[in-house]
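**Student:** coordinates only, sequence not included:
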């Protein structure tokens, strides 16, 4: 896995699914309550795989499924509430208002949002935006901080002691 980093952006090459899960776990280790993460990428790019690594690293045992039909899956992980959204099938951003979207985005929760472009106008701004694209057989993840909290998360990403790379697996 190769990595490039500035204080506001981190580029990662994840060669396989295991690396995507590990990226999610390391991202979780750098996060804190109040964080909003937008996950962009075509179908099959690994948004849910990354989310699975994130949620399991915070202590969830069991399946982490894509909330494509339910729109949101809540996870109470100790003192932390994590909400995993998948807005792919959202017909209109106004539907988010009907489900009480504002109640999910609090200073005590972390929200991972797949397909955030479907909720434009109803979602709060992201602290961290992650774009996932195909890179050979693997994926290129570009983590971009959009707020001070997002910048803090990017700079906190754990480093491998062997390589000093933030996400060397």
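**Tutor:** Thanks, I have the structure now. If you're wondering where the values come from, they're calculated on a predicted model, not measured in any experiment. Residues are numbered from 1 along each chain as shown.

**Student:** touching, residue 112 and residue 54? I think so.
**Tutor:** Yes - counting by CB atoms under 8 Å, residue 54 is a contact partner of residue 112 at 6.5 Å. (Each C-beta comes from the backbone N, C-alpha and C, glycine too.)

**Student:** how close does residue 77 sit to residue 66?
**Tutor:** 18 Å (CB to CB, to the nearest Å).

**Student:** re the thing from before, between residue 112 and residue 54, tell me which one has more neighbours.
**Tutor:** Set residue 112 next to residue 54 and count neighbours by other CB atoms under 10 Å: residue 112 wins out with 31 against 27.

**Student:** show me what contacts the more buried one?
**Tutor:** Residue 112 makes contact with 37, 39, 51, 54-55, 82-85, according to CB atoms under 8 Å, 6 or more residues apart in numbering.

**Student:** next step: those restricted to helices.
**Tutor:** Among the contacts of residue 112, the residues falling in helices (DSSP state H) are 51, 54-55.

**Student:** quick one, helices of the chain?
**Tutor:** Going by DSSP H, the chain shows helices at 17-30, 47-57, 94-98, 148-156.

**Student:** any idea which of those helices gets closest to residue 142?
**Tutor:** Closest to residue 142 of these, according to CB to CB: helix 148-156, at 10.8 Å.

**Student:** that closest one - contacts with which helices or strands?
**Tutor:** With contacts taken as 3 or more CB pairs under 8 Å, 6 or more residues apart in numbering; DSSP states H and E, helix 148-156 sits against helix 17-30, strand 128-135, strand 138-145.
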